[in-house]
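K.L.:
below is the structure, and that's it, no one-letter string:
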C-alpha cells in the first residue's frame, strides 16, 4: 500500500515533466492558402527540423476532409544520413491515435528532447485521413510526402517546447537550417 503514493507521484512527475508552460510554434506559414492533401494507408508525411533549444514534442492538425475513425502514428526520430536510415532506427518518442475526426489536433508530447536535428513523422494507418498543405514553406524546415522531400509546400506541424525555459520564440529563433548529410563538394583525398 505504501508503494501506491510513490507510484502516483512518479506518474504525476512524468506527466507534468513537459506539460507546464509549453508552447506550440507553427512550422508552416499559417496565413498561406491551403489545399486538402489525402494520405493513404501506410504513407507518411514528415518535417525535418534542426532545433536550437530542447523541445517536448509536436502537434499536427488533420484536414477538414478526414473521414471519421481513421488512425495514425506520430513518431520523432533522430536524424541519420537519410530519411530511410532515420526511420529504420528506434524512435525517440511515439504515440498512436485512432478514431480521428476532421480538424482534430494530434499531440505527441514527451519528456524533453535535446536540441538537434530530428524527423517528425506521421504515418497513416488506414485510408481516409487528410491534412492541409499550404503554399510556401520556411527555409528552416524540410517537408516530406511518401519519404520524398517536397519542393514547395508545408504541412500543419507545430513544435512544442518549454516556454519557461527558453522564453517566447518564433520559428526562426527556434530552428536553424538543417545541415546536409554530406558536403556537396568533398575535398579530394
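P.N.:
Received the coordinates, thanks. Keep in mind it's a predicted model, so treat the numbers as computed, not measured.
K.L.:
give me the neighbour count for the spatially closest residue to residue 69 that is not a sequence neighbour.
P.N.:
Leaving aside its chain neighbours, residue 69 sits nearest to residue 99 (5.9 Å; criterion: CB to CB, 6 or more residues apart in numbering). From N, CA and C alone the C-beta is placed, and that goes for glycine too. Applying other CB atoms under 10 Å, we find 9 residues neighbouring residue 99.
K.L.:
what sits against residue 99?
P.N.:
Residue 99 is in contact with 68-69, 71, counting by CB atoms under 8 Å, 6 or more residues apart in numbering.
K.L.:
where does it land on pLDDT?
P.N.:
Residue 99 carries a pLDDT score of 88 in this model.
K.L.:
strands of the chain, start to end?
P.N.:
For the chain, the strands defined by DSSP state E cover 22-26, 34-39, 44-50, 55-61, 70-78, 93-100, 105-113, 117-124, 129-134, 142-145, 148-149, 157-162.
K.L.:
mind putting the ones you listed into a markdown table with distance to residue 87?
P.N.:
Below are those laid out as a markdown table (distance: least, CB to CB, whole Å):
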| stretch | distance to residue 87 |
| --- | --- |
| strand 22-26 | 24 |
| strand 34-39 | 16 |
| strand 44-50 | 8 |
| strand 55-61 | 16 |
| strand 70-78 | 6 |
| strand 93-100 | 11 |
| strand 105-113 | 15 |
| strand 117-124 | 6 |
| strand 129-134 | 18 |
| strand 142-145 | 10 |
| strand 148-149 | 13 |
| strand 157-162 | 16 |
